[in-house]
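Enquirer: From the sequence below, what's the structure:
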Amino acid sequence: MPKTTRFHHLTIALVIALSLMFAGSAVSKANAAPKYSWKLAMTWPTNFPIFGDAVQKMADLVKVMSNGEMEIRIDSKNKHKAPLGILDMVKGGQYEMGHSASYYWKGKDVNLMFFTTMPFGMIAPEQYAWFYYGGGMELMEKAYSRHHVYSFPGGNTGNQMGGWFQKEIKSEADLKGLKMRIPGFAGEVLSKLGVVVTNIPAGELYTALERGNIDALEWVGPSLDLNMGFHKIAPYYYTGWHEPATELQFLVNQKKFDALPEYLQAIITTAMELSAYDMYSRSMNDSAVNWDLIQKDYPDIKIRTFPKEIIAKLKIENNKLLNEQAAKNPMFKEILDSQRSYMKKVRNWTKISDYAYLKDNISE
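Expert: This is a model prediction of the structure:
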């Protein structure tokens, strides 16, 4: 089966997987010893909500749909100690699978960051449409093939908040020398405005902010940020611009995946897609619930939006950096052109559908 067909025709995969599940129901799960035992390394700590839950759901689905023939053991960053080394571990075969975010590999392969999100880019429904019907999956396969790894959408957070700041940002001058944790291309854009950018794993963020190693950070949004406690030491909470549709990734060692029977490939693929969509739904729910808590129970959190002149400058620097990179990197240009072209098309529909509806009914 061609890879692109295998990646895209997930409805067929689901039918195959469910058929196998029912066909194998006569075999007792208690007596089914796993024939395939895989390991998955994730960037997140043990018991990390939403992100880690999506990984566990995927593993549970694989076990059930394969009738116990395949099991996937999950190792958190607490065990493997390399939260930002997932790509290398899956590529090298230490782990058959991984769960992380493509923009963490910006320094290793700048082409990969497109598959998480980009500043001022598509929102989640637009990006999913690009992945599955606009050529995104084929481009992701092409980009990751250099690393002998397959990548699949691994769950979306939706539009992320712009970060927690210890002081209010009133002008571009307030960004000069500011030390901030922010990954991906957005960090490069902010550095053009004088921000000192760093990338720190999730488990170290609170301590870094508390000790003054950084002055600001962005993480996700209300769905996860309240639990991290950032509001206790950085009361200014800014709306987003940099991650409108943050998609995590399931990474799979290419050789290991290709060696599986097709029905297990179908089961894994289906489990990943279902878990990814479930994570998107849960992120929306938990953000809504926690946003309500912020408004009711955390009056000291100061919600802010970056000044228009800063947003305008960020857009200019973002486009300049994208065009510079595209001029020297053919694959970067291919992916960028695809996203820009698709966004122009799909955004016209978003404007006349969701945006028009919300604009006319937002007061309700």
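Enquirer: what's the lengthiest helix in the chain packed up against?
Expert: The longest helix of the chain (DSSP state H) is helix 262-297. Applying 3 or more Cβ pairs under 8 Å, 6 or more residues apart in numbering; DSSP states H and E, one finds that helix 262-297 contacts helix 3-8, helix 10-23, helix 51-65, strand 70-75, strand 149-156, helix 222-228, strand 247-253. (Glycine included, C-beta is placed from N, CA and C.)
Enquirer: which residues does residue 116 contact?
Expert: Shown in contact with residue 116 (Cβ atoms under 8 Å, 6 or more residues apart in numbering): 101-103, 184, 243, 246-249.
Enquirer: quick one: which of those residues has the most company?
Expert: residue 249 (30 neighbours; other Cβ atoms under 10 Å).
Enquirer: hang on, that one packs against residue 97?
Expert: No - under the criterion of Cβ atoms under 8 Å, residue 249 is not in contact with residue 97, lying 10.5 Å apart.
Enquirer: residues shared between the contacts of these two?
Expert: Joint contacts of residue 249 and residue 97 (Cβ under 8 Å, 6+ apart) do not exist.
Enquirer: so how many other residues sit close to residue 152?
Expert: 27.
Enquirer: host element of residue 320?
Expert: helix 308-328 (DSSP states H and E).
Enquirer: just how off-centre is that helix within its chain?
Expert: Averaging C-alpha positions (Cα atoms, centre = their mean, to the nearest Å) puts helix 308-328 22 Å from its chain's average.
Enquirer: With pLDDT and distance to residue 263 added, can I get the contacts of residue 116 in CSV?
Expert: Formatted as CSV, the contacts of residue 116 follow (pLDDT from 0 to 100; distance: Cβ to Cβ, whole Å):
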residue, pLDDT, distance to residue 263
101, 97, 29
102, 97, 28
103, 94, 33
184, 90, 36
243, 97, 36
246, 98, 32
247, 98, 27
248, 98, 26
249, 98, 24
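Enquirer: which of these sit farthest apart?
Expert: 243 and 249 (14.2 Å; Cβ to Cβ).
Enquirer: For residue 335, which non-adjacent residue is closest in space?
Expert: Nearest non-adjacent residue to residue 335, counting by Cβ to Cβ, 6 or more residues apart in numbering: residue 114, 4.8 Å away.
Enquirer: check contacts around that neighbour.
Expert: 102, 139, 143, 335-336, 339.
Enquirer: Next step: the residues you listed restricted to strands.
Expert: Among these, no member is found in strands (DSSP state E).
Enquirer: I'd like those written out as CSV, with distance to residue 328 added.
Expert: Converted to CSV, the contacts of residue 114 look like this (distance: Cβ to Cβ, whole Å):
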residue, distance to residue 328
102, 20
139, 18
143, 16
335, 14
336, 12
339, 18
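Enquirer: closest to residue 163 among those residues?
Expert: Nearest member of the contacts of residue 114 to residue 163, counting by Cβ to Cβ, is residue 102, at 20.1 Å.
Enquirer: measure that closest one to residue 160 for me?
Expert: 15 Å (Cβ to Cβ, to the nearest Å).
Enquirer: Work out the gap between the next helix-or-strand element following the longest helix of the chain and the centre of the chain.
Expert: Counting by DSSP H and E, the next helix or strand C-terminal to helix 262-297 is strand 302-304. When C-alpha coordinates are averaged (Cα atoms, centre = their mean), strand 302-304 and its chain have centres 25 Å apart.
Enquirer: Over to stretch 155-170?
Expert: That offset, for stretch 155-170, works out to 15 Å (Cα atoms, centre = their mean).
Enquirer: do the same with stretch 179-193
Expert: 17 Å.
Enquirer: And the contacts of that stretch?
Expert: Contacts for stretch 179-193 (Cβ under 8 Å, 6+ apart): 101, 103-104, 106, 113, 116-119, 163, 172, 175-176, 195-200, 205, 208, 213-218, 241-243, 310, 313-314, 317-318, 321-322.
Enquirer: Can you flag which of those residues belong to helices?
Expert: Those of the contacts of stretch 179-193 lying in helices (DSSP H): 205, 208, 310, 313-314, 317-318, 321-322.
Enquirer: Which positions in stretch 237-255 come out as buried?
Expert: 237-238, 240-254 (16 or more other Cβ atoms under 10 Å).
Enquirer: Now do the phi/psi pair for the residue nearest to residue 315 when sequence neighbours are not counted.
Expert: Among residues not flanking residue 315 along the chain, residue 120 sits closest, at 6.0 Å (Cβ to Cβ, 6+ apart). Taking degrees, to the nearest 10, you get phi 60, psi 30 for the backbone angles of residue 120.
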